[in-house]
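K.L.:
3D model of this:
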Amino acid sequence: MSEAWIFGVFLLASGAAAATGVIFKPGAWYESLKKPSWTPAKWVFPVVWTSLYLLMAWAAARVAVLPENGLAMALFAAQIALNTLWTPVFFGGHRIGLGLAVLVCLLVIVIWAAWVFLSLDLIAGFAMAPYVLWLCLATALNYWIWRNNSSAVS
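P.N.:
As a prediction, the model looks like this:
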């Protein structure tokens, strides 16, 4: 199978994760929450996530064709599952604390995946770096919202 087809499969998985954002929109509940002044503007989220999904799919496609990639592929699967889970937990279920727990697990898995990708393919490893950085911001934002919206926490 060509690397382009493999990229398409990983992009499809990323698209499934992204689709949860269409199903579980932030809405009035999220708008009513206290958020820090450093919360990114609304338009930033779809731009960043589109870029990240493209990068992570490309990185995974580069690694998928390499020998000894079993752990890397397992970590990709785990991170895309956790990525997919966060939106329905946070926006759908309004479970801010549980969303934070999902994000912390996701961040750990993505850091591990980036490290494994880096050991297999330098470019793929570095392609995961923006995802790690964005998840650090997302985790800090989720934590801030959890700490400062006690009446909205369920």
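
K.L.:
gap between Gly93 and Thr20?
P.N.:
Gly93 sits 12 Å away from Thr20 when distances are taken as Cβ to Cβ, to the nearest Å. From N, CA and C alone the C-beta is placed, and that goes for glycine too.

K.L.:
which one's more surrounded, those two?
P.N.:
Relative neighbour count places Thr20 above the other of Gly93 and Thr20, with 18 against 13, counting by other Cβ atoms under 10 Å.

K.L.:
who's in contact with the more buried one?
P.N.:
Thr20 is in contact with Thr84, Thr87, Pro88, counting by Cβ atoms under 8 Å, 6 or more residues apart in numbering.

K.L.:
which residue packs closest to the second one, ignoring adjacent ones?
P.N.:
The shortest distance from Thr87 to any residue that is not its chain neighbour, by Cβ to Cβ, 6 or more residues apart in numbering, is 3.9 Å, and that residue is Thr20.

K.L.:
top of the contacts of Thr20 by number of neighbours, please.
P.N.:
Thr87 (22 neighbours).

K.L.:
can I assume that residue is in contact with Lys25?
P.N.:
No. Contact between Thr87 and Lys25 fails when scored by Cβ atoms under 8 Å: they sit 9.2 Å apart.

K.L.:
where's the one residue sitting closest to the centre of the chain, which helix or strand?
P.N.:
The structure's the chain has its C-alpha centroid closest to Asn83; by Cα atoms, centre = their mean the separation is 4.4 Å. Counting by DSSP states H and E, the secondary-structure element that holds Asn83 is helix 70-87.

K.L.:
can you list contacts of that helix?
P.N.:
So helix 70-87 is contacted by 10, 13-14, 16-17, 20-21, 23-24, 56, 60, 63-64, 99, 102-103, 105-106, 109-110, 112-113, 116-117, 120 (Cβ under 8 Å, 6+ apart).
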